[in-house]
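Undergrad: No letters, just coordinates:
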């Protein structure tokens, strides 16, 4: 198990740092290719969401320079970045991935969205061939664990989502939401969810603007709303009381001058911006304007953190599931690790046996079938006796941490070649695929 | 006796005063209910005190102290009206201390100032006093609301999770309270000034616009109108509205204080 993971999340790094690391969906495949081309990395995938950017890899020797990759890829210095990074290896990396997929590491513990995001990241990396046997196993298991956590605990049931926090905040500003207008900028699942919540609390009408106009129309239809051409965004935005923005724009699309324009046109009636985009869509300068209330992902996190306490108990239960699953996964991986060695050991000795029999056959002269059977039994018996101890030792070691050492010793003693160890198909046959 | 009732009222308002300080730091439903009941009881005592004054036969309201008592009562009435509509006691944070202060001063001692020379315009005078004090009370409420608006705006901008659990109503509700108080108060204030002019003309034969009391009253009225205009025209809220409200409030206090150095309201001397 040579899993290695590095990343930043909402706890380790402020939004300013996460913004600089965020990889837009369109550039993710290339980034995955770059990652796997980096020295020491066999497989790699990248999870990039509003709250986290993580590189998950399987490395050749368990200590690839992932920091180096981040510095190079994002043109960041160690001073700028390193203090915000966390790094996990082997079992810890497995545990982290399980926790992320199960939404235990989320800003809103138990929210369901993260699983979908991880699945998307996995599909993207797989499509470009960056994920193969090792990460495949890890993530297949992670998805199963996430499912188990959701069904066996209540951690996701009363999920205080960003959406409901947004509603709460909107009520603090507007009192009643009756008759208020919502504007979705950038059609995304999260904005849709937030809009749905707001509409359920009385918001009357909805506008949708998206770079791809067709998507805007599609979403607008769902809410009986009106699709707006992206070019008309600034001319129509002042009609909205609540703006949910989540575009993939690299820079803020709402700047101070826009805010001033909106406020002037709506006679200074307050506007609430729910900025779930990373990088942010609302510039901090605009957020300072009187009458503009802009909450970005970090602010929303602060707001939800006060709600999470009641779900800690369920989260503890979920953590216990994760721990047992990590152990199970670890044990299975080790068992799988020794199988190819046993197989190649058997093959190796069988080859020797066959070669020796062929060599002495000439000197023995013609043998009766009974003699043939006797020679066969004799040689096999010797080999089996010789192999017995190494195989038992390997199987026992499989469940222990020293498995790698034992495998290594056996391989060296018998001069087994490396190519035999890379036999993912065999592993999968032996393991119970989820 | 009127003074005794007023002192009872003061005792009740004191609870409101404590509430005002406590509410700034933490929220307590129980305490806001207690404060509300205490304030209601205070108003009953206060009302009795005012009725006794009225029945005493003299138009003694024009004494500075009694005027303060009347203003306190009207402010409290506005507070109750807002409570009835919006179910919020938070304006009390500003209103209670002001009411307490006004009642406290009024309850200090009796200082009847007899208005012997005004007896022939008694009706106009009573109308003037009631109208102008209603206007003042609305202004007090509006000023309070603009301060609360600032407070709530700051809380929402600070984005601290704890700030979400606050005793303050939604920003737009505070805004409505302030604006509606302004709108409601304006006609009272205007009519109050007009009736005041009628009284002045009938007593002195003319209105002396250079008199500090009149000058300040007109100034206050202009600021009042400006507040409504900016709000109506460009929707001034928050900081800018608070600055204007403070100006109007200060002008009102100064206009009130002008009683001490204006020739017109120096009733005892005249």
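TA: Yep, that arrived. Since this is a predicted model, take the numbers as computed values, not measurements.

Undergrad: longest single helix anywhere in chain B?
TA: The longest helix of chain B (DSSP state H) is helix B:122-158.

Undergrad: Then chain A?
TA: Chain A, longest helix under DSSP H: helix A:312-364.

Undergrad: need the contact list for the residue of the stretch 1-150 of chain B found nearest chain A.
TA: Chain A sits closest to residue B:86 of the stretch 1-150 of chain B, with a gap of 8.9 Å, by CB to the nearest CB. The way it works is simple: take the backbone N, C-alpha and C, and place the C-beta from them, glycine included. By CB atoms under 8 Å, 6 or more residues apart in numbering or on different chains, the contact set of residue B:86 is B:169, B:173, B:176-177.

Undergrad: Could you identify the most distant pair in these?
TA: Of all pairs drawn from the contacts of residue B:86, the greatest distance, 9.4 Å, lies between B:169 and B:176 (CB to CB).

Undergrad: quick one: which of those two has more around it?
TA: Neighbours were counted for residue B:169 and for residue B:176 using other CB atoms under 10 Å in any protein chain shown; residue B:169 has more, 23 against 17.

Undergrad: My read is that that one contacts residue B:88, right?
TA: Yes - using CB atoms under 8 Å, residue B:169 is in contact with residue B:88, at 4.5 Å.

Undergrad: mean confidence for stretch A:379-391?
TA: The average pLDDT within stretch A:379-391 is 90.

Undergrad: Only the buried residues of that stretch, if you could.
TA: For stretch A:379-391, the buried set under the neighbour-count rule, 16 or more other CB atoms under 10 Å in any protein chain shown, comprises A:379, A:387, A:390-391.

Undergrad: again with stretch A:255-265
TA: A:256, A:258-259, A:262-263.

Undergrad: Reformat those residues as a markdown table; add secondary structure and distance to residue A:191.
TA: Below are the buried residues of stretch A:255-265 laid out as a markdown table (DSSP: H, G, I helix; E, B strand; the rest coil; distance: CB to CB, whole Å):
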| residue | secondary structure | distance to residue A:191 |
| --- | --- | --- |
| A:256 | helix | 23 |
| A:258 | helix | 19 |
| A:259 | helix | 20 |
| A:262 | helix | 19 |
| A:263 | helix | 23 |
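
Undergrad: How about the contacts made by residue A:254?
TA: A:243, A:245, A:273, A:281-283, A:286.

Undergrad: Wait, residue B:78 touches residue B:137, no?
TA: Yes - at 5.0 Å, residue B:78 counts as touching residue B:137 under the criterion of CB under 8 Å.

Undergrad: So for those two, which sits in the more crowded spot?
TA: residue B:137 (27 against 24).

Undergrad: measure the more buried one to residue A:39 for me?
TA: Separation of residue B:137 from residue A:39 (CB to CB, to the nearest Å): 78 Å.

Undergrad: Ok, residue B:237 next?
TA: Relative to residue A:39, and taking CB to CB, residue B:237 is found at 59 Å.

Undergrad: Between these two, tell me which one has more neighbours.
TA: Neighbours per residue (other CB under 10 Å) separate residue B:237 from residue A:39, with residue B:237 holding more: 27 against 10.

Undergrad: where exactly do the helices run in the stretch 51-200 of chain A?
TA: A:66-74, A:78-81, A:90-101, A:113-127, A:133-152, A:162-174, A:189-200 (DSSP state H, counting those that start in this stretch).

Undergrad: per-residue pLDDT, residue 142?
TA: With no chain named, the answer covers chain A. We have a pLDDT of 93 for residue A:142.

Undergrad: meant chain B, my bad for not saying
TA: As predicted, residue B:142 sits at a pLDDT of 86.

Undergrad: check contacts around it.
TA: Counted by CB under 8 Å, 6+ apart, residue B:142 has contacts B:178-179, B:181-182, B:185, B:227, B:245, B:248.

Undergrad: and of these, the nearest to chain A?
TA: Using CB to the nearest CB, residue B:179 comes nearest to chain A of the contacts of residue B:142, at 11.7 Å.

Undergrad: For burial, what's the neighbour tally of the closest residue to the closest one other than its chain neighbours?
TA: Distance criterion CB to CB, 6 or more residues apart in numbering or on different chains; nearest residue to residue B:179, sequence neighbours excluded, is residue B:231 at 5.9 Å. Using other CB under 10 Å, residue B:231 is surrounded by 21 other residues.

Undergrad: what does chain B put close to chain A?
TA: B:152-153, B:156-157, B:159-162, B:164-165, B:169-173, B:233-240 (CB under 8 Å from any CB of the partner chain).

Undergrad: Next step: those residues restricted to helices.
TA: Of the residues of chain B next to chain A, the ones assigned to helices by DSSP H are B:152-153, B:156-157, B:171-173, B:233-234, B:238-240.

Undergrad: Quick check on the residues you listed: which are buried?
TA: B:152-153, B:156, B:171-173, B:238.

Undergrad: so how far is residue A:287 from the residue nearest to residue A:289 when sequence neighbours are not counted?
TA: Of all residues beyond its chain neighbours, the one nearest residue A:289 is residue A:259 (4.6 Å), with distances taken as CB to CB, 6+ apart. Computed as CB to CB, the residue A:259 to residue A:287 distance reads 8 Å.

Undergrad: how many neighbours does the residue in the stretch 51-200 of chain B positioned nearest to chain A have?
TA: Using CB to the nearest CB, residue B:170 is the residue of the stretch 51-200 of chain B that sits closest to chain A, at 3.5 Å. Applying other CB under 10 Å, we find 20 residues neighbouring residue B:170.

Undergrad: Is it correct that it is in contact with residue A:174?
TA: Yes - using CB under 8 Å, residue B:170 is in contact with residue A:174, at 6.0 Å.

Undergrad: in the chain, which ranges drop under the pLDDT threshold?
TA: Using chain A here. Applying pLDDT under 70 to chain A picks out residues A:154, A:156-161, A:305-313, A:336, A:399-402, A:418-434.

Undergrad: if you could check chain B rather than the one you did, that'd help
TA: B:24-28, B:57-64, B:109-121, B:161-167, B:259-270.

Undergrad: neighbours of residue B:105, just the number please.
TA: Neighbourhood size, residue B:105 [other CB under 10 Å]: 14.

Undergrad: how far does the helix or strand containing it sit from the chain's center?
TA: Element membership for residue B:105, per DSSP states H and E: helix B:92-106. Offset of helix B:92-106 from its chain centre (CA atoms, centre = their mean, to the nearest Å): 9 Å.

Undergrad: which residues sit in contact with residue A:371?
TA: Residues counted as contacts of residue A:371 (CB under 8 Å, 6+ apart) are residue A:364.

Undergrad: Name the SS class of it, please.
TA: helix (DSSP: H, G, I helix; E, B strand; the rest coil).

Undergrad: What sits closest to the residue most central in space within chain A if chain neighbours are left out?
TA: When chain A is reduced to its mean C-alpha position, the nearest residue by CA atoms, centre = their mean turns out to be residue A:118, at 4.0 Å. Of all residues not flanking residue A:118 in the chain, residue A:101 sits nearest, at 5.2 Å (CB to CB, 6+ apart).

Undergrad: cool, residue B:75 as well?
TA: Of all residues not flanking residue B:75 in the chain, residue B:137 sits nearest, at 4.3 Å (CB to CB, 6+ apart).

Undergrad: For the one you found, give its distance to residue B:106.
TA: 14 Å.

Undergrad: Count the neighbours of the closest residue to chain B within the stretch 101-250 of chain A for me.
TA: Nearest to chain B, among the residues of the stretch 101-250 of chain A, is residue A:175, at 3.5 Å (CB to the nearest CB). Neighbour count for residue A:175, taken as other CB under 10 Å: 18.
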